[in-house]
Each structure stands twice: as structure tokens, then as C-alpha cells.
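**Student:** 3D, please:
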Amino acid sequence: METFIYIVKYTFIAALAVEVVLIARAIIGLAVEKARAAKSAPAGE
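**Tutor:** Below you'll find the model as predicted:
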């Protein structure tokens, strides 16, 4: 029973870590995209 609890606990922690990485990747991608759009907009005017 103790082993099962450890497996569930560490699986949850691993899944949480993966989610944090995915969210960070999405935020960074959005920031880069926004920076590119802001940089190219004044050049087009």
C-alpha cells in the first residue's frame, strides 16, 4: 500500500512538472510572437 501511495504521489508531481513546462513554453512563445509583431509593425509604416 505504501508503494502505491508513492507511485501516485510522484506520478502527480511529474504530471504537474510537465504542465508547468508546457504553460511556460506557451507563454514564452506568445511573448516572442508579440515581440516580433511589435518589431515589424513600425517598419511597415
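**Student:** show me where the protein dips below the pLDDT cut-off.
**Tutor:** Residues of the chain meeting the criterion pLDDT under 70: 41-45.
**Student:** what helix or strand does Ile27 sit in?
**Tutor:** In this structure, Ile27 sits in helix 2-44 according to DSSP states H and E.
**Student:** from the chain's centroid, how far away is that helix?
**Tutor:** In terms of CA atoms, centre = their mean, to the nearest Å, the centre of helix 2-44 is set 0 Å apart from its chain centre.
**Student:** switch to numbering from 49
**Tutor:** Yep, numbering from 49; the last one is helix 50-92 now.
**Student:** and Glu81, how many neighbours?
**Tutor:** Glu81 has 10 neighbours, counted by other CB atoms under 10 Å. For the C-beta atoms, the positions are set from N, CA and C on the backbone; glycine is no exception.
**Student:** give me the neighbour count for Phe60.
**Tutor:** For Phe60, the count of nearby residues is 10 (other CB under 10 Å).
**Student:** ok, the one 3 residues further on next?
**Tutor:** Each residue near Ala63 was counted by other CB under 10 Å, and the total is 10.
**Student:** that one and Ile76: what is the separation?
**Tutor:** 21 Å (CB to CB, to the nearest Å).
**Student:** likewise for Val66?
**Tutor:** 16 Å.
**Student:** same check on Ser88?
**Tutor:** 19 Å.
**Student:** before we move on, what about Tyr54?
**Tutor:** Applying CB to CB, the value for Tyr54 to Ile76 is 33 Å.
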